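1. Here is my input; please provide its structure:
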Amino acid sequence: MFKKLGSVARRRFRLSSKELRIALAFSVLFGVGALAFVWSNVKMIQQSYNYQGQMIEQKRLLNINKRLKLERESLRSLSRVRTIAVNQLGFVEPDHSQTVTVFLK
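-> Below you'll find the predicted structure:
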C-alpha cells in the first residue's frame, strides 16, 4: 500500500524518494506538534472545569460547616443544659448550705 502511495506521490509531485521521506517526516512531526498543542489546551479546559467543581464543593462544605457550628453552639448553651438537667434528669438547684465557694489566688 505504501509503495503504491509512494509511486503516486512521486509521479504527481515529481519527488525523489529522499524528498518524499523528508516531506513525510516533516508532516508527521508537524502532526505530532499540532496534537500536543491541542492536547495541552484540552487538558487545561478539563482542569478549569475540575477547579470550578471543586470551588462549588468548597462553598457547599463551608456552608455545612457554618450550620454545624451554629448547631453545636445552640446545643452547648447553658440554658438548654439547665432545662435538660431539670426536666429530663430530675436535677434540682442546690441550697446555699450545699454550696461552697472556693477562692483562688
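2. where does the chain dip in pLDDT?
-> With pLDDT under 70 as the threshold, the chain has low-confidence stretches at 1-3, 5-11, 13, 15.
3. which residue is nearest the middle of it?
-> For the chain, the residue whose C-alpha lies nearest the mean C-alpha position (C-alpha atoms, centre = their mean) is residue 54; its distance is 3.6 Å.
4. Could I get the phi/psi values of residue 32?
-> phi -60, psi -40 (degrees, to the nearest 10).
5. which helices and strands does the strand or helix carrying residue 25 pack with?
-> Assigned by DSSP states H and E, residue 25 belongs to helix 17-75. For helix 17-75, the contact count by 3 or more C-beta pairs under 8 Å, 6 or more residues apart in numbering; DSSP states H and E identifies helix 2-13 as packing neighbours. C-beta coordinates here come from the backbone N, C-alpha and C atoms, glycine included.
6. count of neighbours near the residue nearest to residue 92 when sequence neighbours are not counted?
-> Counting by C-beta to C-beta, 6 or more residues apart in numbering, residue 86 is the residue found nearest to residue 92 once chain neighbours are left out, at 7.4 Å. Other residues within reach of residue 86, judged by other C-beta atoms under 10 Å, total 12.
7. how near is residue 86 to residue 77?
-> The span separating residue 86 from residue 77 equals 14 Å under the rule C-beta to C-beta, to the nearest Å.
8. Over to residue 94?
-> Taking C-beta to C-beta as the criterion, residue 94 is separated from residue 77 by 21 Å.
9. What of residue 31?
-> Here the criterion is C-beta to C-beta. By it, residue 31 lies 69 Å from residue 77.
10. ok, now residue 4?
-> 88 Å.
11. Residue 19 too?
-> Looking at residue 19 against residue 77, where the rule is C-beta to C-beta, the gap reads 87 Å.
12. quick one, which of these two is more surrounded?
-> Neighbours were counted for residue 19 and for residue 77 using other C-beta under 10 Å; residue 19 has more, 13 against 10.
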